[in-house]
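Participant: Sequence and predicted structure are below.
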Amino acid sequence: MAIFSTDNRWVFALGLLGNLISFVVFLAPVPTFYRVCKRKSTEGFQSVPYVVSLFSAMLWIYYASLKSESNNFLLITVNLVGCVIETIYVALYLAYAPKKARIFTLKLMVMSFGGFFSILLLSHFLTKGSTRVQLLGWLCVGFSIIVFASPLSVMRIVISTKSVEFMPFTLSFFLTLSAVTWLLYGLFLKDIHVAVPNVLGFILGVLQMGLYLTYRRRNVKVMEEPDYFGGAKPIADAQSCNIASNDSIIDVHDVQERKDDAHKDEKSSEASDNGPVVNSSWEV
């Protein structure tokens, strides 16, 4: 088999484009970890997304290595890059996390590697041929869907706070573009396991951009940063390049109270003959 065959030029072009977009998305957490290194503290950020992304990338590499299609090397390359970058993120987290968080992360890493090698051994000895490929493919789909569903927590915060401060449009756009690229890649390659999770990724990406356009003119600034991409803690799924995040650390009720207080001050100022009108919004 010719590893770098380009018999299907559309598949090759889409896979190459997907690799480039994925690399950009993989680098999105860099501002977050720059701040972590500068302050020598993880500041409440969690390691779960990075470990899950690393585990997902390893599964996709194993899956792609079992496929016979020559253009699957593009699926391998993007996940190899993902493994390297996510490993660096986890290492930096371990270097600056408090003891309790560090122990939890180490346990999670042991469980992830143990689970991966268990899947590798069991699939090798208990399954054969197409059955093994199907088993690995649906496992990859399952983990990709879990990662794709993660932005729902941030979308909930956007709706609650009416602020898109921590959901930048550019990031949502690139994640949507990535999902579309890998979806088309899977369709042209006739690989349902690659295509299916990216349908969800495309839908969520469009919803994120829709929320941004809906709330971008609301001049509300959230004072605390959520656990999401640099303000914002992202995790890119190594194959589909989808963002994931943990539960936000924003106190939504506190934000609402600040907004209510601001409105009260505005009404009080308007009632005064000489007093100026107070602007109730926060400058973004």
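Facilitator: Right, received. Where do you want to start?
Participant: helices or strands next to the helix or strand containing L121 in the packing?
Facilitator: According to DSSP states H and E, L121 maps onto helix 99-126. Applying 3 or more CB pairs under 8 Å, 6 or more residues apart in numbering; DSSP states H and E, we find helix 99-126 packed against helix 48-66, helix 73-96, helix 129-149. Heads up, the C-betas are built off the backbone N, CA and C, glycines and all.
Participant: Please name whichever of the ones you listed is nearest to A28.
Facilitator: Nearest of the helices and strands packed on helix 99-126 to A28, taken as CB to CB: helix 73-96 at 10.2 Å.
Participant: Counting neighbours, which bits of the closest one end up buried?
Facilitator: Within helix 73-96, the residues scored as buried using 16 or more other CB atoms under 10 Å are 73-83, 85-86, 89-90, 92-94, 96.
Participant: mind listing what's buried in the helix holding L121?
Facilitator: Across helix 99-126, burial judged by 16+ other CB under 10 Å covers A101, R102, T105, L108, M109, S112, I119, S123.
Participant: From these, pick the one nearest S53.
Facilitator: Among these, and counting by CB to CB, the member closest to S53 is S112, at 10.3 Å.
Participant: What separation do you get for the closest one and I119?
Facilitator: 11 Å (CB to CB, to the nearest Å).
Participant: And L204, by the same measure?
Facilitator: 27 Å.
Participant: And for E43?
Facilitator: Using CB to CB, E43 is found at 34 Å from I119.
Participant: just how off-centre is stretch 37-57 within its chain?
Facilitator: 12 Å (CA atoms, centre = their mean, to the nearest Å).
Participant: got the buried residues for that stretch?
Facilitator: 42, 45-57.
Participant: what's the answer for stretch 13-29, then?
Facilitator: Applying 16+ other CB under 10 Å to stretch 13-29 flags 13-19, 21-23, 25-26, 28-29 as buried.
Participant: could the helices and strands packed on helix 99-126 be laid out in CSV, adding mean pLDDT?
Facilitator: Formatted as CSV, these follow (pLDDT from 0 to 100):
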stretch, mean pLDDT
helix 48-66, 89
helix 73-96, 93
helix 129-149, 84
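Participant: could you dump the ones you listed to JSON lines with distance to L200?
Facilitator: Output for the helices and strands packed on helix 99-126, formatted as JSON lines (distance: least, CB to CB, whole Å):
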{"stretch": "helix 48-66", "distance to L200": "14"}
{"stretch": "helix 73-96", "distance to L200": "18"}
{"stretch": "helix 129-149", "distance to L200": "5"}
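Participant: Tell me which of those helices sits nearest to T181.
Facilitator: helix 73-96 (10.6 Å).
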